[in-house]
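here is a sequence together with a model predicted from it:
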Amino acid sequence: MFFFLKMLQVTKKLPNFVSRKAITMKLKKRELLYQEAGKYFLDLSKLVFGGIILAEIMNLGINETAVFGIGSIAVVILALFGFHYYSKSKK
């Protein structure tokens, strides 16, 4: 009986410790996720920019103004997402 009561006391204390540890683990994972998402969006931005340059150099008979315009907008949006998530990971 004494063992059972002692075990009950231990289990009452355990969730507080586990929950604090779980919360800190979740925060670290979230920060890492935001950092990786930021890097991913910045890499996509660089790839789109490289695609624009290659499309302009290759002269494939496409509308260069449309490619440059749409590509530039995509680069800016992806870069903004990347900087947003990367700065969110540092908070």
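Cool, got the structure. Numbers count the residues shown, from 1 in each chain.

only C-alpha atoms from now on, for both contacts and neighbour counts.
Will do.

phi first, then psi, for N63.
N63 has phi and psi values of phi -70, psi 110 when expressed as degrees, to the nearest 10.

what's in contact with stretch 50-59?
The contact list for stretch 50-59 (Cα atoms under 8 Å, 6 or more residues apart in numbering) reads E64, V67, F68, G71.

generate a PyMOL selection restricted to the buried subset of those.
Burial among the contacts of stretch 50-59 is assessed by 16 or more other Cα atoms under 10 Å; the matching PyMOL selection reads:
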select buried, resi 67+68+71
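
so which of the contacts of stretch 50-59 comes closest to A37?
Of all those, G71 has the smallest distance to A37: 20.5 Å, by Cα to Cα.

which strands or helices does the helix or strand containing that closest one pack on?
Using DSSP states H and E, G71 sits in helix 64-89. With contacts taken as 3 or more Cα pairs under 8 Å, 6 or more residues apart in numbering; DSSP states H and E, helix 64-89 sits against helix 2-58.
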